[in-house]
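K.L.:
pasting the structure only:
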Ligand code: SF4
């Protein structure tokens, strides 16, 4: 690493940290609901949003100066990142960056850049977004740091394997693949051993790239912080069991960035503790995320990032609150498996269990439990054109929710990041009809 770059990184990021914190504290003092906010149908925005903005801005700002100053890794969302964090890597999640592009409505432009260079429209829109950003250099966050290491874990899909091979070729840096056998039932000892051996290999490569030796105590502490953050995030989601719910799934989508891309940081733990406190205050005061909550739903699959505002208002106008989702729950449900005293062994197990690495039976069971635990009246299953592993089996899942639990369930076709796969009029018509059915 370059000493001058390191000094520049330390000076700029420390100054930025102070400035962003000061700015956030000032904004908290004069916190007001934005003029265009629909207070007739929605609770005022959560104040924690100012912290989310602070953390995310800082994360990408650190990235701008990280190149050459500290080791940089690009990783998949379900990667065992604690090892890299404990070795001092700056970690970038291309999927999160793509989600941010989706929410800021720049994803289509980036997808088109990728398609112009020959990447098929049938590739996941997160991957296309990332390729578009690589090719054009465009990003709403200013600049992405070049990686020194790529870490791809196949526990979410196989697309990431091909995606990271493209990155390997583009950047000419080492790629570590953690292959996670798909779990049709529970993990067997040989599955865990197989992943553990790959984690040992990851440690070797990451030590070589970073020029440091992994300190076991540091790894334990990082995993402890990851576990605490995941537990708090789970508690945050579970406030949605309250009737009326103080939180909507749209709030969860907006505030999930730290649990995905800042796992292992002490500030992520503080962040979710603060968020939980704000939600508990809402419960005490009887504040409902959807002002006139009459019907409560489950969301399945990724968000439609470029339509969060529209969907939130369209449903709230009809008294519909989506209070939980299989997607946001996935970042909390694995917390009990993390054991900081046995970091490598427990990570080998934990990272086998993400929802997308398990049979559809597990997802259906989770949905059924959620319908009971959250007192839900129905479900919306986003059939996501890009995310085949999440969408496979949804027709059966919908039919079984209807026939076995007697709750209405709607399949809504779209794409999480590519607006060309979304038809607004069709969505309005289908949601209106569904809302009427929920009332009957
Ligand atoms: S296909 Fe699904 S799981 Fe895979 S990268 Fe795309 S959105 Fe993520």
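P.N.:
The structure has been received and is ready for your questions. Computed from a prediction, not measured in an experiment: that's the story for all the values here. Numbers count the residues shown, from 1 in each chain.

K.L.:
neighbours around the residue nearest to residue 103 when sequence neighbours are not counted, how many?
P.N.:
Using CB to CB, 6 or more residues apart in numbering and skipping the chain neighbours, the partner closest in space to residue 103 is residue 305 (4.7 Å). No exception for glycine: its C-beta is placed from N, CA and C like everyone else's. Applying other CB atoms under 10 Å, we find 23 other residues in the vicinity of residue 305.

K.L.:
In contact with residue 203, which residues are there?
P.N.:
For residue 203, the contacting residues are 83, 214, 344, by CB atoms under 8 Å, 6 or more residues apart in numbering.

K.L.:
same thing but at 7 Å, please
P.N.:
With contacts defined as CB atoms under 7 Å, 6 or more residues apart in numbering, residue 203 is in contact with 83, 214.

K.L.:
if we can go back for a sec, tell me the pLDDT at the residue nearest to residue 103?
P.N.:
Reading off the per-residue confidence, residue 305 sits at a pLDDT of 98.

K.L.:
any idea how far the helix or strand hosting residue 198 is from the chain center?
P.N.:
Per DSSP states H and E, residue 198 falls inside helix 189-210. Helix 189-210 has its C-alpha centroid displaced from the chain centroid by 24 Å (CA atoms, centre = their mean, to the nearest Å).

K.L.:
what mean pLDDT does the helix or strand just after it have?
P.N.:
Scanning forward in sequence from helix 189-210, with DSSP H and E defining helices and strands, the next element found is helix 216-238. Taken as a whole, helix 216-238 has an average pLDDT of 98.

K.L.:
residues in contact with helix 216-238?
P.N.:
For helix 216-238, contacts defined as CB under 7 Å, 6+ apart pick out 82-83, 85-86, 252, 259, 263-266, 268-269, 272-273, 275-276, 279, 324, 328-329, 331-335, 338, 340-341, 343, 347.

K.L.:
who in the stretch 201-350 of the chain is up against the ligand?
P.N.:
Along the stretch 201-350 of the chain, the residues adjacent to the ligand under the rule CB under 6 Å from any ligand atom are residue 302.

K.L.:
Ok, the stretch 1-150 of the chain next?
P.N.:
With the criterion set to CB under 6 Å from any ligand atom, the stretch 1-150 of the chain comes near the ligand through 95, 124, 126.

K.L.:
Which residue is the nearest non-sequential neighbour of the last one?
P.N.:
Closest residue to residue 126 in three dimensions, ignoring its sequence neighbours and counting by CB to CB, 6+ apart: residue 98, at 4.1 Å.

K.L.:
Please apply the same query to the second one.
P.N.:
What sits nearest to residue 124 in space, not counting adjacent residues and going by CB to CB, 6+ apart, is residue 386, at 4.3 Å.

K.L.:
What is the neighbour count of the closest residue to residue 422 other than its chain neighbours?
P.N.:
Nearest-residue entry for residue 422: residue 414, 4.4 Å, with adjacent residues in sequence omitted and distances by CB to CB, 6+ apart. Each residue near residue 414 was counted by other CB under 10 Å, and the total is 25.

K.L.:
Next, find the distance separating residue 414 from residue 310.
P.N.:
Here residue 414 is placed at a distance of 12 Å from residue 310 (CB to CB, to the nearest Å).

K.L.:
now do residue 163
P.N.:
Between residue 163 and residue 310 the computed distance is 29 Å (CB to CB).

K.L.:
Comparing these two, which residue is more hemmed in?
P.N.:
Of the pair residue 163 and residue 310, residue 163 is the one with more neighbours under other CB under 10 Å, namely 23 against 13.

K.L.:
Let me know whether the more buried one touches residue 125 as I believe.
P.N.:
No. Between residue 163 and residue 125 there is no contact, the gap being 11.8 Å when judged by CB atoms under 7 Å.

K.L.:
Apart from its chain neighbours, what residue comes closest to whatever residue of the stretch 201-350 of the chain ends up closest to the ligand?
P.N.:
Closest approach of the stretch 201-350 of the chain to the ligand (CB to the nearest ligand atom) occurs at residue 302, with a separation of 5.9 Å. Nearest-residue entry for residue 302: residue 416, 4.0 Å, with adjacent residues in sequence omitted and distances by CB to CB, 6+ apart.

K.L.:
and if you look at residue 195?
P.N.:
The spatial neighbour of residue 195 that comes closest, neighbours along the chain excluded (CB to CB, 6+ apart), is residue 348 at 4.1 Å.

K.L.:
Quick check: which element contains that neighbour?
P.N.:
When secondary structure is defined by DSSP H and E, residue 348 falls within helix 343-350.

K.L.:
mind checking how far that helix is from the chain centre?
P.N.:
The chain centroid and the centroid of helix 343-350 are separated by 21 Å under CA atoms, centre = their mean.

K.L.:
what's near enough to touch the residue nearest the centre of the chain?
P.N.:
Relative to the mean C-alpha position of the chain, the nearest C-alpha, by CA atoms, centre = their mean, is the one of residue 260, at 4.8 Å. Neighbour list for residue 260: 77, 93, 96, 331 [criterion: CB under 7 Å, 6+ apart].
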